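[1] no sequence on this one, just coordinates:
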């Protein structure tokens, strides 16, 4: 049984690692409904295995070390911890920083009208050129807002349904944040780069 448990847990870990690392790509593929169901299912399965292993280890503590029960116990705990860590957010943060120059370049060009005409005080939907469509998870579409006081460019990070989405926002200045008021109730935080924020719909 020890070997079977180890094999099962190893298979779980092999499934969990890519699911967490490629979280935002899978959100595009599976939708914002299916991905959480998949992750929660893995959490429940991993949790059940972890509880079983712990109970089994306590019951047979005399042979815990002799039969190497500590191996499945350790692996199951590590897999449970790993699936609860924000690995996808860490990977996504690295991706944004790696593509920061491209984000800034396209935001400035969009505000200058190089990708299409921009009407003041409106939400302008712009299609990015093919080589930059990877920047916005909405088939490369971005929203551009502009008026006499400032400008803002929204890139999709998670393209959900209705008001359930989030994204990176480039704000031309401190007066530009109100341009996103039409999106509804928002919360945001800085990504540590000038003029850039992550916006989340509430």
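    Great, that's in hand. These numbers were taken from a predicted model, which means no experiment stands behind them.

[2] which is the next helix or strand following the longest strand that the chain contains?
    For the chain, the longest strand by residue count, based on DSSP state E, is strand 151-158. Later in the chain than strand 151-158, the nearest helix or strand by DSSP states H and E is strand 166-171.

[3] adjacent strands (with direction) for the helix or strand that that next one is followed by?
    Using DSSP H and E, the next helix or strand after strand 166-171 towards the C-terminus is strand 186-190. Applying DSSP bridges, strand 186-190 is found paired with strand 196-201 (antiparallel).

[4] just to revisit the earlier point, which elements pack onto the longest strand of the chain?
    Helices and strands touching strand 151-158, as assessed by 3 or more CB pairs under 8 Å, 6 or more residues apart in numbering; DSSP states H and E, comprise helix 23-59, helix 100-111, strand 141-146, strand 166-171. For the C-beta atoms, the positions are set from N, CA and C on the backbone; glycine is no exception.

[5] now render the ones you listed as CSV, adding mean pLDDT and distance to residue 187.
    Formatted as CSV, these follow (pLDDT from 0 to 100; distance: least, CB to CB, whole Å):
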stretch, mean pLDDT, distance to residue 187
helix 23-59, 74, 18
helix 100-111, 93, 21
strand 141-146, 89, 18
strand 166-171, 88, 10
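
[6] before we move on, back to that, please list the residues outside the longest strand of the chain that contact it.
    When contacts are defined by CB atoms under 8 Å, 6 or more residues apart in numbering, strand 151-158 is touched by residues 24, 27, 32, 92, 103, 106-107, 110-111, 135-138, 141-146, 165-172, 176-177, 179-180, 183, 198-199.

[7] within the sheet, what are the partner strands of it, with directions?
    Counting by DSSP bridges, strand 151-158 is paired with strand 141-146 (antiparallel), strand 166-171 (antiparallel).

[8] what angle do it and helix 23-59 make?
    Put simply, strand 151-158 runs at 40 degrees to helix 23-59, going by axes from the mean of the first three to the mean of the last three CA atoms, to 10 degrees.

[9] run the chain-centre distance for strand 151-158.
    Once both centres are worked out by CA atoms, centre = their mean, to the nearest Å, strand 151-158 turns out to sit 15 Å from its chain's centre.

[10] thought residue 173 was touching residue 146?
    No - contact criterion CB atoms under 8 Å: residue 173 and residue 146 do not qualify, at 11.7 Å.

[11] quick one, which of those two is more surrounded?
    Between residue 173 and residue 146, counting by other CB atoms under 10 Å, residue 146 is the more crowded of the two (22 against 11).

[12] out of everything not next to it in sequence, what's closest to the more buried one?
    Computed as CB to CB, 6 or more residues apart in numbering, the closest residue to residue 146 that is not its neighbour in sequence is residue 118, at 5.2 Å.
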